[in-house]
Structures are given as C-alpha cells and as structure tokens.
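Enquirer: The sequence isn't on hand, but the structure is:
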C-alpha cells in the first residue's frame, strides 16, 4: 500500500450539491503533492478528480496514483473518510 501523508482536508454538504470535499496529500516517493476532489449526492457513490496540488508534475506518477485509487478500495475509502471527518456542521 502507498504511504500517504495528509496535508489538509475539508468537506461540505448541501441539499443541492450533496457531499463535496477535497483532500490534499503527498505520496512517499512522488515528486509532487496532489489534491483529490470528491463529490457524492448521497454519500455512497463517489466521483472524484485527481490533480497536482501546486504545479504540473510527473504525469506518470499521477496516472500510477489514479490506477492505485481505482484498484485499492481501502485507499480510496481512507481519503473519503479523511474528508468526511472534516465535514462542516
């Protein structure tokens, strides 16, 4: 499993948009930091976008991380739970 280091996380919820969150993080051995944007109407099926946090970086590492997120449910759930833990009341 990848070694993930959380930088920041947030999540909001509204009737119109459902759950909208983001997690900023770094991955051991990767050159750049990342941000994952998360969205779910009801908190069960999550859509996401993965981006470089600051500047464009190593595309191969980004694509490898995206593959890892698709394959590793525990990692994806961990990022969702990290954002949900910051849900603003």
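Expert: Yep, that arrived. Keep in mind the model is a prediction, meaning the values are calculated, not measured.

Enquirer: all helices in this protein, in order from the N-terminus.
Expert: All helices of the chain, identified by DSSP state H, fall at 59-71, 73-84.

Enquirer: between these, which gets nearest to residue 39?
Expert: Proximity to residue 39 (Cβ to Cβ) singles out helix 73-84 among those, at 10.4 Å. In this view, the C-beta of every residue, glycine as well, is placed from N, C-alpha and C.

Enquirer: In that closest one, which residues are buried?
Expert: Neighbour-count burial for helix 73-84 flags 75, 76, 78, 79, 80, 82, 83, 84 (criterion: 16 or more other Cβ atoms under 10 Å).

Enquirer: Would you tell me which one of the residues you listed comes nearest to residue 22?
Expert: Distance ranking of those against residue 22, using Cβ to Cβ, places residue 83 first at 6.6 Å.

Enquirer: quick one: that closest one and residue 60, what's the gap?
Expert: For residue 83, the distance to residue 60 equals 26 Å [Cβ to Cβ, to the nearest Å].
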